[in-house]
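Visitor: Structure for this input, please:
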Amino acid sequence: MGAIIADEGSKPEILASVAQATAALAKLKTIWNDRNIALSSKIRLMRSLVMSLFLYACEYWTLTADTDRRIQTMEIRCLRKLLSITYRDHISNEEVRNITRQAIGPQEDLFTTVKRCKLKWYRHITRSTGLAKTILQGTVQGGRRRGRQKKRWEDIPEWTGMTLGAAMRKVERREEWEELVAR
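Guide: Purely as a prediction, here's the structure:
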């Protein structure tokens with residue numbers, strides 16, 4: 001699937017996705033500058049054309065505080081480009097989000113979308129039987145590296161507010177899990 005495997009986790013893959021999405025955003029410059037197209041239509045186009053390209057295979061990313069920041073930066077950069085707002089205009093990121101919220105209503109941010117995709121994939125793998133489930137639930141022998149540890153699949157309950165066992169049981173009940181992911 002074109003995944004980049006590196007020692008530093010998913011950072012190179014996320015950077016490659018950012019580069020692809022930025023290139024797609026630049027190619028659509030004539031649409032963003034067109035004053036005859038409504039802002040709501042531009043935002044929907046950006047979410048369907050640019051963000052979908054960015055989110056390809058996001059289920060496999062290892063999320064850290066740095067990658068979280070990069071994902072949020074990508075989203076704000078796209079919105080600023082779409083709204084023709086530069087950083088020299090001294091408009092805060094929250095104000096940019098408010099402008100888009102007024103244009104199309106409340107939308108989940110990009111990092112929340114990544115987490116939702118990861119939770120759906122987690123349910124899919126946990127319900128299956130095979131190598132992916134074994135790898136997902138397995139442990140590796142040896143010591144840990146220094147510094148803050150990367151997020152693991154055992155950290156999924158942190159997003160859901162449940163213990164690992166409760167999350168594993170809830171995965172078996174599809175409707176309840178999808179309701180949890182929607183929240």
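
Visitor: alpha carbons only for contacts and neighbour counts from here, please
Guide: Fine.

Visitor: and residue 79, how many neighbours?
Guide: Counted with other C-alpha atoms under 10 Å, the neighbours of residue 79 add up to 21.

Visitor: where along the chain do the helices fall?
Guide: Assigned by DSSP state H, the helices in the chain fall at 11-27, 29-33, 39-45, 52-54, 65-83, 93-104, 110-127, 131-137, 156-160, 164-171, 174-182.

Visitor: For residue 148, find the nearest of those.
Guide: For residue 148, the closest of the helices of the chain is helix 65-83, at 9.8 Å, according to C-alpha to C-alpha.

Visitor: which residues touch residue 24?
Guide: 49-50 (C-alpha atoms under 8 Å, 6 or more residues apart in numbering).

Visitor: Could you dump the helices of the chain into CSV with distance to residue 147 and mean pLDDT added?
Guide: Shown next, in CSV, are the helices of the chain (distance: least, C-alpha to C-alpha, whole Å; pLDDT from 0 to 100):
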stretch, distance to residue 147, mean pLDDT
helix 11-27, 16, 92
helix 29-33, 41, 92
helix 39-45, 39, 91
helix 52-54, 28, 92
helix 65-83, 13, 92
helix 93-104, 30, 92
helix 110-127, 23, 88
helix 131-137, 23, 73
helix 156-160, 20, 69
helix 164-171, 24, 76
helix 174-182, 30, 80
